[in-house]
Every structure is written in structure tokens, then in C-alpha cells.
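*Asks:* No letters, just coordinates:
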């Protein structure tokens, strides 16, 4: 599946916090495509509820349209 900038998506995998105090996202977290796909096939996704608003990298098979 291909996603477009600004598209709303839902994660299909858990994303544990990358470091102490970082945001973790369970399966089903909503977000918005901010960039991508890059040369590795990853999309930058701004996850709802992430206070840092740092895009997280997800491959297309880890996302579904919302």
C-alpha cells in the first residue's frame, strides 16, 4: 500500500519507547503521514499523543489507512 502526505493512518505493530521517558505506541495508534517513503521504504508518521511530536519510522506493512 502507498500512503500520501497528510493521510491519517493506524499502526499495526507495537512501538516500544526507544529510550527512557520516550513515547511508546500500542497497536492501533493513530497518526499522520509526514514524509516518505524514503530510500528504505519508511514513512515518517506523527503519532497522536506523542508530546515530542517526533515522526516515527514505519514501513507500509506496519500501517493501515484510517
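*Replies:* Thanks, I have it. Note that the structure is predicted; figures quoted are calculated from it, not measured.

*Asks:* hey, let's count contacts and neighbours off CA atoms from now on
*Replies:* Noted.

*Asks:* Please tell me how far the most centrally placed residue in the chain sits from residue 57.
*Replies:* Ranked by distance to the mean C-alpha position of the chain (C-alpha atoms, centre = their mean), the top residue is residue 45 at 3.5 Å. In this view, residue 45 and residue 57 are 6 Å apart by C-alpha to C-alpha, to the nearest Å.

*Asks:* Repeat that for residue 16.
*Replies:* 12 Å.

*Asks:* likewise residue 30?
*Replies:* 14 Å.

*Asks:* just residue 32 next, same as before
*Replies:* 12 Å.

*Asks:* Beta-bridge partners for residue 45, please?
*Replies:* residue 33, residue 56 (DSSP bridges).

*Asks:* Surely it and residue 32 touch.
*Replies:* Yes. Between residue 45 and residue 32 a contact is recorded at 5.4 Å, counting by C-alpha atoms under 8 Å.
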